[in-house]
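> fold the following for me, if possible:
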Amino acid sequence: MRKALAVLALTVAAMIGTATPALAHNVLISTDPGKGASLETGPAKITLTFDAPVQGGDINQISVVGPDKSQWAEGAVEINSNVITAAVRPLGPAGTYTVGYRILSADGHPVEGEYTFTLTKAGNGTPATAGAATGAATQSDSGSGGGGVPVWVWILGAVVLLAIGLTLALRTGREKRP
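Model (predicted):
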């Protein structure tokens, strides 16, 4: 009976250990411009770096909203593994700009967030049109499809490990009879 419990405990530990990456959403690890940065001139693009590859798809978006509530990001989001970028029009009024993002995480779930930076000197740019920040992403990493392992693979692996563990537990737990 002890062998069966030990095998079962090992199986559960293996399932938890392999399922953890499937439950982890991408985390934003750096931004350019940086969070809370003060800039004299606006950036040409926004760059967000995550801890894991970002999957392609129409869900990936970056927006830059100015102090006048107008949109300054323009065009499609570019994905290069775990780095996404979006072009930004020359900025206009001085003040706080909010960068919002929504990406498709490596585990298949959407992740969103925002941060701000400040433009200290007014620029002479004009805002983008209402539909300028599109979600149509382009993949620049040479042909890798989604960039992450689908969740169903992790679930299937956990089920297989559980089946193997239970089989071993039941077989080693039987007493041999003469």
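> low-confidence ranges, this structure, go.
1-8, 11-23, 130-151, 173-178 (pLDDT under 70).
> now do the helices in it.
2-23, 151-173 (DSSP state H).
> what helices or strands is the longest one leaning on?
Under the contact criterion of 3 or more C-beta pairs under 8 Å, 6 or more residues apart in numbering; DSSP states H and E, the helices and strands touching helix 151-173 comprise helix 2-23. For glycine as for every other residue, the C-beta is placed from the backbone atoms N, C-alpha and C.
> distance of the closest residue to residue 115 other than its chain neighbours from residue 65?
Excluding the flanking residues, the one nearest residue 115 by C-beta to C-beta, 6 or more residues apart in numbering is residue 35, at 4.3 Å. Residue 35 is 15 Å from residue 65, where distance means C-beta to C-beta, to the nearest Å.
> got it, and residue 38?
Distance from residue 38 to residue 65, by C-beta to C-beta: 18 Å.
> cool, and residue 58?
Residue 58 is 20 Å from residue 65, by C-beta to C-beta.
> who's more crowded, residue 38 and residue 65?
Between residue 38 and residue 65, counted using other C-beta atoms under 10 Å, the more crowded position is residue 65 (19 against 10).
> for the more buried one, name its beta-bridge partners.
residue 71, residue 98 (DSSP bridges).
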